[in-house]
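Trainee: I would like the atomic coordinates for the input below:
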Amino acid sequence: MRQDAASRRAWRDGIGVSLATSAYGVSFGALGVAAGLDVWQTCVLSLLMFTGGSQFAFVGVVASGGLSAIPAAIASAALLGVRNVAYGLRMAPIIGGGVARRLAAMPFTIDESAAVALAQRDPRARRIGFWVTGVGIYVGWNLFTLVGALLGDVLGDPRAYGLDAAAAAAFLALLWPRLRRGEAVVIGVAAAVVAAVATPVTMPGVPVLVAGVVAIVVAVALPARRAVDEPDDVAERQGLP
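Mentor: Reported below is the predicted structural model:
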């Protein structure tokens, strides 16, 4: 019975996070079209890249600098995508199985699937949380990307409808619960200040790269915490029940 309750909770958490996250795929779809991509290019980018931060960074830099900014856009997207490697290392023992299963899990190893999985206590519930969240967001995100791209193609400038701010607000909502420790606040503030200063004087995409380097340097410079996180602690920092 206890295992059944844990599994139901994993399903509930995964579906809830999937619905909430997928919805702002509309914003990416609209912004992709506004940046100069057509509907199908926007959808293919979402299907193949599938990591929200990297996707928004890519279209944001392209929108600011045009074709000449594509190298910076690729670099920005890649830098933001590196975090998924760390998630993959953490998720590997949770997913279990052989090489085929772990390869199948790669596209779905994102912030939200890792967070929901780590929020569960039971090993089976962790696997359920990972797969339900990862697959649910992949399907929902791409459907809403198509909707947003079609709307953006018809309605024009997404800023008129506030879609340009929707993604930033959603990412801030995901980030905010994690800023409970002093170290996280210091890293976030340092990166934000550097990005704000660099934006007017550097090429599009460079501020993201510089801010990422600053965040890494500050994180290394701060006293490291050696305590091993328990599932409840991880869930608390992710803002999950």
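Trainee: switch to C-alpha atoms for all contacts and neighbour counts from now on
Mentor: Will do.
Trainee: neighbours around the nearest residue to Gly88 once chain neighbours are set aside, how many?
Mentor: The shortest distance from Gly88 to any residue other than its chain neighbours is 6.3 Å, reached at Thr109 (CA to CA, 6 or more residues apart in numbering). Under the neighbour criterion other CA atoms under 10 Å, Thr109 is assigned a count of 28.
Trainee: likewise for the one 3 residues further on?
Mentor: Burial measure for Glu112: 21 neighbouring residues, criterion other CA under 10 Å.
Trainee: look up how far Ile187 lies from Gly140.
Mentor: 32 Å (CA to CA, to the nearest Å).
Trainee: just to revisit the earlier point, hmm, the residue nearest to Gly88 is touching Thr133, no?
Mentor: No - look at Thr109 against Thr133 with CA atoms under 8 Å: they stay out of range, at 9.5 Å.
Trainee: where exactly do the helices run in this protein?
Mentor: Taking DSSP state H as the test, the helices found in the chain are 2-23, 25-34, 39-49, 52-65, 70-81, 83-95, 99-105, 111-118, 123-155, 163-175, 182-198, 206-221, 231-238.
Trainee: go ahead and confirm Val135 touches Met106.
Mentor: No - checked against CA under 8 Å, the pair Val135 and Met106 is beyond contact range at 11.0 Å.
Trainee: residues contacting Ser22?
Mentor: Residues near Ser22 by CA atoms under 8 Å, 6 or more residues apart in numbering: Ile137, Tyr138, Gly140, Trp141, Asn142, Phe144.
Trainee: which one of those is nearest to Ala196?
Mentor: For the contacts of Ser22, the minimum distance to Ala196 (CA to CA) is 29.2 Å, reached by Trp141.
Trainee: kindly state the pLDDT recorded for the nearest residue to the closest one once chain neighbours are set aside?
Mentor: Of all residues beyond its chain neighbours, the one nearest Trp141 is Ser22 (4.2 Å), with distances taken as CA to CA, 6+ apart. Predicted confidence (pLDDT) at Ser22: the value is 87.
Trainee: possible to save the contacts of Ser22 as CSV with neighbour count?
Mentor: Written out in CSV, the entries for these read as follows (neighbours: other CA atoms under 10 Å):
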residue, neighbour count
Ile137, 27
Tyr138, 21
Gly140, 18
Trp141, 29
Asn142, 24
Phe144, 21
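Trainee: just put the residues you listed in JSON lines and tack on pLDDT and distance to Ala34.
Mentor: Formatted as JSON lines, the entries for these read as follows, by pLDDT from 0 to 100; distance: CA to CA, whole Å:
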{"residue": "Ile137", "pLDDT": "93", "distance to Ala34": "23"}
{"residue": "Tyr138", "pLDDT": "95", "distance to Ala34": "22"}
{"residue": "Gly140", "pLDDT": "94", "distance to Ala34": "21"}
{"residue": "Trp141", "pLDDT": "93", "distance to Ala34": "18"}
{"residue": "Asn142", "pLDDT": "94", "distance to Ala34": "17"}
{"residue": "Phe144", "pLDDT": "92", "distance to Ala34": "16"}
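Trainee: so which of the residues you listed is the closest to Ser46?
Mentor: Out of the contacts of Ser22, the member with the shortest distance to Ser46 (by CA to CA) is Asn142, at 6.3 Å.
Trainee: that closest one touches Leu45, doesn't it?
Mentor: No - applying CA under 8 Å, one finds Asn142 not in contact with Leu45, separated by 9.7 Å.
Trainee: excluding residues flanking it in the chain, which one is nearest Ile187?
Mentor: Taking CA to CA, 6+ apart, and ignoring the residues beside it in sequence, Ile187 has Ala215 as its nearest neighbour in space, at 5.4 Å.
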